[in-house]
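Enquirer: I would like the atomic coordinates for the input below:
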Amino acid sequence: MKSINAEITGILNKHVSIQKCLKRDIINIRSLARFIISEYHLKYSLDAVISAVRRYDLEHVSLIGSKGAMKMFTKMSISTKDDVAKIVVRDRAFKEICRDFLDKRLLKENARIIKAKETITLVVSQKDLQKKLDLFKPSDVMLVEKNLAELRLHFPKDIQNIKGVIGRAGAELATHDINIEEVIYSIPDMLLYVKEKSLVGAHRALLELKG
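Expert: The predicted structure is shown next:
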């Protein structure tokens, strides 16, 4: 059986945001203990959980990455585009994509392509969605998602070595109850795709990161 300290440590290890708040000493430990007991249905007393939280080792928690990420967000620019759709096809459809680039070239304009091991995702302009779908065999098309919007976050320099940039953007949108449908990281740009109805809220939330 785990000791209370080990159990609370395991729980806090899952929550980086709580760790950072504890490191900054900006969280009410009593309220946090109540939340942990309720969320994880613990049988320990409130005082016991408070004591275990206070024993949590914060030496490994770094705030440097967060500061670096926030500095980058103050320098970013944001542009948006609506009327976007997403197509997911099986990997075997890659030959159709290659053939199109050599022949019809329908995918050359207004298309972004991500190739994984078993699938290929295409983010395309919705206005000519059917033309792009017609390139593929119906059996190879796994998903079509319409009514998306793109948010392009452009950073002034290489952010490859700055910790927490993607996570911070995602966390900000999640805080506003906005789901990211797709993300493409192409230095120095980050392309985030959300439901078109969420575009205004997502844009406003990301602008808040600029300070």
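
Enquirer: can we go C-alpha only for contacts and neighbour counts from here?
Expert: Fine.

Enquirer: Can you tell me which residue sits nearest the middle of this protein?
Expert: G170 (3.8 Å; Cα atoms, centre = their mean).

Enquirer: mind exporting the host helix or strand of that residue as CSV, just the C-alpha atoms?
Expert: Element membership for G170, per DSSP states H and E: helix 165-175. Extracted C-alpha coordinates of helix 165-175, given in CSV (Å, rounded to 0.1, in the frame of the first residue of the first chain):
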residue,chain,number,x,y,z
VAL,A,165,5.5,27.4,-26.1
ILE,A,166,3.1,24.8,-27.6
GLY,A,167,1.9,23.8,-24.1
ARG,A,168,1.2,27.4,-23.1
ALA,A,169,-0.9,28.1,-26.2
GLY,A,170,-2.8,24.9,-25.7
ALA,A,171,-3.4,25.6,-22.1
GLU,A,172,-4.7,29.1,-22.8
LEU,A,173,-7.2,27.8,-25.3
ALA,A,174,-8.3,24.9,-23.0
THR,A,175,-8.8,27.5,-20.2
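
Enquirer: Return the list of helices and strands in contact with that helix.
Expert: In terms of contacts (3 or more Cα pairs under 8 Å, 6 or more residues apart in numbering; DSSP states H and E), helix 165-175 is packed against helix 64-73, helix 199-209.

Enquirer: which one of the ones you listed lies closest to K131?
Expert: Closest of these to K131 is helix 199-209, at 25.5 Å (criterion: Cα to Cα).

Enquirer: which residues make contact with that closest one from outside it?
Expert: Residues outside helix 199-209 that contact it (Cα atoms under 8 Å, 6 or more residues apart in numbering) are 70, 73-74, 78, 80, 149, 151, 169, 172-173, 176, 178, 194.

Enquirer: got those as JSON lines, with neighbour count, pLDDT and distance to V61 columns?
Expert: Converted to JSON lines, these look like this (neighbours: other Cα atoms under 10 Å; pLDDT from 0 to 100; distance: Cα to Cα, whole Å):
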{"residue": "M70", "neighbour count": "20", "pLDDT": "75", "distance to V61": "17"}
{"residue": "F73", "neighbour count": "22", "pLDDT": "83", "distance to V61": "21"}
{"residue": "T74", "neighbour count": "14", "pLDDT": "85", "distance to V61": "23"}
{"residue": "I78", "neighbour count": "16", "pLDDT": "95", "distance to V61": "30"}
{"residue": "T80", "neighbour count": "15", "pLDDT": "96", "distance to V61": "35"}
{"residue": "A149", "neighbour count": "24", "pLDDT": "97", "distance to V61": "35"}
{"residue": "L151", "neighbour count": "20", "pLDDT": "97", "distance to V61": "31"}
{"residue": "A169", "neighbour count": "21", "pLDDT": "86", "distance to V61": "20"}
{"residue": "E172", "neighbour count": "16", "pLDDT": "84", "distance to V61": "20"}
{"residue": "L173", "neighbour count": "20", "pLDDT": "89", "distance to V61": "23"}
{"residue": "H176", "neighbour count": "13", "pLDDT": "87", "distance to V61": "25"}
{"residue": "I178", "neighbour count": "19", "pLDDT": "94", "distance to V61": "27"}
{"residue": "V194", "neighbour count": "22", "pLDDT": "97", "distance to V61": "31"}
